[in-house]
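Visitor: give me coordinates for this.
(chains A, B, C and D)
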There are 2 protein chains.
Amino acid sequence: MDGRVERGDRTRKALAAEAAAIASVDGLSGMTLSQLAHALGVSKSSVQAAYGTKADVQLAAVAAASEIFVSAVVAPAQVLPEGLPRLEGLVDAWLAYVERRVFPGGCFMGAVTPEFDSRPGEVRDALARARRGWLALLERQAAAAQAAGDIPGSPSPEMLAFEIDALLAAANVSRNLSDDTAPLAVARALISLRLGSPPTRATKRQSKPG
Amino acid sequence: MDGRVERGDRTRKALAAEAAAIASVDGLSGMTLSQLAHALGVSKSSVQAAYGTKADVQLAAVAAASEIFVSAVVAPAQVLPEGLPRLEGLVDAWLAYVERRVFPGGCFMGAVTPEFDSRPGEVRDALARARRGWLALLERQAAAAQAAGDIPGSPSPEMLAFEIDALLAAANVSRNLSDDTAPLAVARALISLRLGSPPTRATKRQSKPG
DNA sequence: GGTAAAGTAATACGATCGTACGTATAGTTT
DNA sequence: AAACTATACGTACGATCGTATTACTTTACC
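Guide: Residues are numbered from 1 along each chain as shown, chains lettered A, B, ... in the order given. Predicted coordinates:
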């Protein structure tokens, strides 16, 4: 074991996490190395020493954002039983992840994927891979829920996953534009509706207030 | 009448349209004045002479993109009767607008709104206004369709508009990432499903080919 | 304890960014 | 014809971008 590279890895992690945070607001190409260095109180040269080039920083930011996303959204839902419960758990965790601003710009992928979806390169490939993984995750739970008969009269799991992701992404944009969390509740209600669940569950249900 | 300002307006229009095209790929801040000038075969100074600052160019690009969008998507559907027909016409026109790449980066708003949704300023305000207008347009037709009883068992017009827009935006991203038009058909099928229409209409239905 | 490795930093370089200024050209007005 | 105005262009400036080079500090292993 080498404590030196361990320390280096730690600063590298912190760097990548901060890069992801900045990119969620300014984009992966809008983010500059000076900005990143200043945000962590280190010199620009240190950033360059950790990752050679800016493209490497961008890729590291995507990887770090993916890890953060997994621990904030995927992992919490993993304790729930497969199928509809876990699917709804993923949705609720995602909405909470956006609402509490794990990234200052809302969803990292939602901010960065449209930026790079028309620019061939490693960054786009990484983003496409992350997106496919997320959609596959949703699709698997949708398929399980459907197999269990919990989603009556529903389209294919692939379509259902596509729709859930679309609603979440749109909610993220609306929320950022209006700085209001109402769109998150709208998305939740629509997803509940499409999943055939009764009313909503985690959004409202504050009846009997007294 | 002044032939000078007329000529100026013509170049200004061409400039704004090209700026929108570039921004649909590189983003409104990724676009540079040199790039814009070179794309039109003029000098960088000319761009600056037409619009004083880059922020003005960005705002002009948003305005130009809105006009292009209206003539490519909104206007064609305006000939259809209000309610469900016009709503589906808007959807079909939108999908065609993306598929035939009116903007090289797909939907201009889809590329640029996530870029600016966390950056306060005039650009974000303009994008928010355009988005609200588009959603209101969808919502009005959804309400008319619902009032006519054409969409049985549907959520509120506002929610329906939100959902249609979400599906279209997601289809645009998927299409750009994969360079495949299949996501457009998926979105169309889902929208048809949510509108309660039988199968789909404009996506497949190529029976009786002879 | 000395040495090699890795992190951190200081400095500098070329390129390009957005912008400012001066000027030539073309059209309008008097 | 002369004065005026708006467009277009060339040039130049300061700032900042990403990157390369170089030296110094810290840390772990011999």
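Visitor: can stretch A:109-122 be found next to chain B?
Guide: Yes - Stretch A:109-122 reaches chain B (CB under 8 Å from any CB of the partner chain) through A:110-111, A:113-115, A:117-119. In short, each C-beta sits where N, CA and C put it, glycine included.
Visitor: so which of the residues you listed sit within helices?
Guide: Using DSSP state H, the subset of those located in helices is A:110-111, A:113-115.
Visitor: before we move on, back to that, among the residues of stretch A:109-122 next to chain B, which ones lie close to DNA strand D?
Guide: Among the residues of stretch A:109-122 next to chain B, proximity to DNA strand D is found for none (CB under 7 Å from any atom of the strand).
Visitor: what is the nearest of those residues to DNA strand C?
Guide: Closest approach between the residues of stretch A:109-122 next to chain B and DNA strand C, by CB to the nearest atom of the strand: residue A:119, at 15.1 Å.
Visitor: which one is residue A:34 nearest to, not counting chain neighbours?
Guide: residue A:44 (5.3 Å; CB to CB, 6 or more residues apart in numbering or on different chains).
Visitor: residues near the residue nearest to residue A:15 when sequence neighbours are not counted, how many?
Guide: Setting aside the residues directly before and after it, residue A:15 is nearest to residue A:50 in space (CB to CB, 6+ apart), at 5.6 Å. For residue A:50, the count of nearby residues is 19 (other CB atoms under 10 Å in any protein chain shown).
Visitor: in terms of helices and strands, where is the closest residue to residue A:117 other than its chain neighbours?
Guide: In this structure, residue A:117 finds its nearest non-sequential neighbour in residue B:176, 3.7 Å apart by CB to CB, 6+ apart. Assigned by DSSP states H and E, residue B:176 falls within helix B:157-178.
Visitor: after that helix, next one along is what?
Guide: In N-to-C order, the element after helix B:157-178 by DSSP H and E is helix B:182-194.
Visitor: what's the end-to-end length of stretch A:145-163?
Guide: End-to-end distance for stretch A:145-163, by CA to CA, to the nearest Å: 15 Å.
Visitor: and that stretch, how far out from the chain middle?
Guide: 22 Å (CA atoms, centre = their mean, to the nearest Å).
Visitor: what average pLDDT does it get?
Guide: The pLDDT scores in stretch A:145-163 average 93.
Visitor: tilt between the worst-scoring helix or strand of chain A on mean pLDDT and helix A:157-178?
Guide: The helix or strand of chain A with the poorest confidence is helix A:3-26; it has a mean of 86 (mean pLDDT, DSSP states H and E). Between the axes of helix A:3-26 and helix A:157-178, defined by axes from the mean of the first three to the mean of the last three CA atoms, to 10 degrees, the angle is 80 degrees.
Visitor: right, is the next helix or strand after helix A:3-26 up against DNA strand D?
Guide: The helix or strand immediately downstream of helix A:3-26 is helix A:33-40, counting by DSSP H and E. Yes - for helix A:33-40 and DNA strand D, the contact criterion (CB under 7 Å from any atom of the strand) is met by A:33-35.
Visitor: what comes up buried for whichever strand or helix holds residue A:133?
Guide: Element membership of residue A:133, judged by DSSP H and E, is helix A:122-147. Going by neighbour count (16 or more other CB atoms under 10 Å in any protein chain shown), the buried part of helix A:122-147 is A:123-124, A:126-128, A:130-131, A:134-135, A:137-146.
Visitor: repeat for stretch A:61-80
Guide: A:61-62, A:64-66, A:68-70, A:72-74, A:76-77, A:80.
Visitor: mind giving me CSV with those residues and columns for pLDDT, secondary structure and distance to chain B?
Guide: Listed next are those as CSV, based on pLDDT from 0 to 100; DSSP: H, G, I helix; E, B strand; the rest coil; distance: CB to the nearest CB, whole Å:
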residue, pLDDT, secondary structure, distance to chain B
A:61, 96, helix, 16
A:62, 97, helix, 14
A:64, 95, helix, 19
A:65, 97, helix, 14
A:66, 97, helix, 16
A:68, 97, helix, 17
A:69, 98, helix, 16
A:70, 98, helix, 20
A:72, 98, helix, 18
A:73, 98, helix, 18
A:74, 98, helix, 19
A:76, 98, helix, 24
A:77, 98, helix, 21
A:80, 98, coil, 25
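Visitor: and these as CSV, adding distance to residue B:166?
Guide: Below are the buried residues of stretch A:61-80 laid out as CSV (distance: CB to CB, whole Å):
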residue, distance to residue B:166
A:61, 26
A:62, 23
A:64, 27
A:65, 22
A:66, 23
A:68, 24
A:69, 20
A:70, 23
A:72, 22
A:73, 18
A:74, 21
A:76, 24
A:77, 21
A:80, 25
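Visitor: with respect to residue B:24, which of those is nearest?
Guide: Among those, residue A:62 lies closest to residue B:24 (CB to CB), at 22.0 Å.
Visitor: contact partners for that closest one?
Guide: Counting by CB atoms under 8 Å, 6 or more residues apart in numbering or on different chains, residue A:62 touches A:20, A:28, A:112, A:123, A:126-127, A:130.
Visitor: quick one: low-confidence ranges for chain A?
Guide: Along chain A, the model assigns pLDDT under 70 to residues A:1-5, A:197-210.
Visitor: which bits of it sit near DNA strand C?
Guide: So far as CB under 7 Å from any atom of the strand goes, chain A lies against DNA strand C at A:4-5, A:7-8, A:11-12, A:42-46, A:49-50.
Visitor: pull out the buried residues from stretch A:37-52.
Guide: A:37, A:42, A:47, A:50-51.
Visitor: how far does it sit from its chain's centre?
Guide: Its chain's C-alpha centre and that of stretch A:37-52 lie 25 Å apart, by CA atoms, centre = their mean.
Visitor: contacts for that stretch, please.
Guide: With contact meaning CB under 8 Å, 6+ apart, stretch A:37-52 is reached by A:8, A:11-12, A:14-15, A:18, A:22, A:33-34, A:36, A:57, A:60.
Visitor: just checking, what packs against the helix holding residue A:133?
Guide: helix A:54-69, helix A:84-99, helix A:108-116, helix A:157-178, helix B:157-178 (3 or more CB pairs under 8 Å, 6 or more residues apart in numbering or on different chains; DSSP states H and E).
Visitor: many thanks, I have nothing further to ask.
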